[in-house]
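Visitor: Build the 3D model from these lines:
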Amino acid sequence: MAKVVTLGEIMLRLSPPGHQRFGQAVNFDINYGGAEANVAFSLAQFGHQVSYVSKIPANPIGDSAIQTLQKQGVDCTHIVRGGKRLGIYYLENGASIRPSMVVYDRADSSITEAEVEEFDFDAIFEQVELFHVTGITAVISDKAARVTLEAMKAAKRHGVCISLDLNYRAKLWAEQIEQKQERMCSLMDYVDICFGNALDASRCLGYRDGTTDYLTSDYSISVKDENMAKVVKHYGLTYLITTLRNNISASFNEWSAAVSDGNILYKGKDYQLDIVDRVGGGDAFAAGFLHGHIVGKSMGEALEYGIAAAAIKHTIPGDLNYATVQEVDALVNGGGKGRVVR
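Guide: The predicted structure is shown next:
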């Protein structure tokens, strides 16, 4: 299996039990997660040798976050210890017509204050095959953006395939939009595989093609084959991959995805999902596609693997996907009826 590195912020997640509102809660369920940490966990679950890079406070909460990853075999030796605090996010799980709600408390978290000099990226990327990062880390602070850029430069020096999930989050883009777009654009020269579409590129990169305003157009326009292909060619990508989610309610979604190599758009299988927890679903999808890619599956096969991995994640509480290769293979090959496995 491949040697993989991810870099980002892992956070403490606090949620009212079940589907309670914040105002009802007298206690919180505890989980740990964050986009790149979730991908690291999934790829380790799939059997890869994964290292997670971050800066995490040297206190018992930081220890607990690291232990969550170590239990799955993720290498945490490149994590820098220090800084003020671990970021927190509060999640109120929605149901039916009531959407889920996230409240962030991540200001001044350790990773936002990390310095490039704290990481030996040339050592980190020795003999690595894949590096994955997201647009979240690049926009949470100037320092985190510099760390992300220098990591990508080092990865490219070592011939590493680089994956970027644009991961637009409206609450992180409420201000300094042009400055953040400039940060994100500085990363694109190093990216091989990108998770997003024309709308995401417009939001995160200021992308324009001269004919369509994706910010005001119907979402379906952003995922059409010709517009996905334009983004691939504009940024010189190997693949652009987008999820296709139809939110019937907070409890039920129609779920699929598509991938473009600039010439062909492959649309994957559709799933109907009764949702237990959708947070981390996109990360499970990214990890599934990346697993398929690095083990030599075709573009379409890798996409189907990602869709199925994420479909299973939607049935698992918490940010992390505990689905196994065998379970994902079974779903790709026609399982998924929910029968008892004896």
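
Visitor: So Ala258 is in contact with Thr242, correct?
Guide: Yes. In this structure, Ala258 is within contact of Thr242 by Cβ atoms under 8 Å, at 5.6 Å. Heads up, the C-betas are built off the backbone N, CA and C, glycines and all.

Visitor: Which secondary structure element is home to Thr315?
Guide: If you go by DSSP states H and E, Thr315 is not part of any helix or strand.

Visitor: Strands of the stretch 151-300 of the chain, start to end?
Guide: For the stretch 151-300 of the chain, applying DSSP state E, counting those that start in this stretch gives strands covering 161-165, 193-195, 239-247, 252-260, 265-267, 271-274.

Visitor: The stretch 1-150 of the chain now?
Guide: With DSSP E, counting those that start in this stretch as the criterion, the stretch 1-150 of the chain has strands spanning 3-7, 11-15, 29-33, 49-53, 55-56, 80-81, 88-92, 101-105, 130-134.

Visitor: Just send those back as JSON lines, with mean neighbour count, distance to Ala287 and mean pLDDT too.
Guide: Shown next, in JSON lines, are these (neighbours: other Cβ atoms under 10 Å; distance: least, Cβ to Cβ, whole Å; pLDDT from 0 to 100):
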{"stretch": "strand 3-7", "mean neighbour count": "26", "distance to Ala287": "9", "mean pLDDT": "98"}
{"stretch": "strand 11-15", "mean neighbour count": "22", "distance to Ala287": "18", "mean pLDDT": "98"}
{"stretch": "strand 29-33", "mean neighbour count": "18", "distance to Ala287": "13", "mean pLDDT": "97"}
{"stretch": "strand 49-53", "mean neighbour count": "24", "distance to Ala287": "10", "mean pLDDT": "98"}
{"stretch": "strand 55-56", "mean neighbour count": "24", "distance to Ala287": "21", "mean pLDDT": "98"}
{"stretch": "strand 80-81", "mean neighbour count": "16", "distance to Ala287": "24", "mean pLDDT": "98"}
{"stretch": "strand 88-92", "mean neighbour count": "18", "distance to Ala287": "20", "mean pLDDT": "97"}
{"stretch": "strand 101-105", "mean neighbour count": "13", "distance to Ala287": "21", "mean pLDDT": "95"}
{"stretch": "strand 130-134", "mean neighbour count": "27", "distance to Ala287": "8", "mean pLDDT": "98"}
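
Visitor: quick one on the thing from earlier: shared neighbours, Ala258 and Thr242?
Guide: 223, 228 (Cβ atoms under 8 Å, 6 or more residues apart in numbering).
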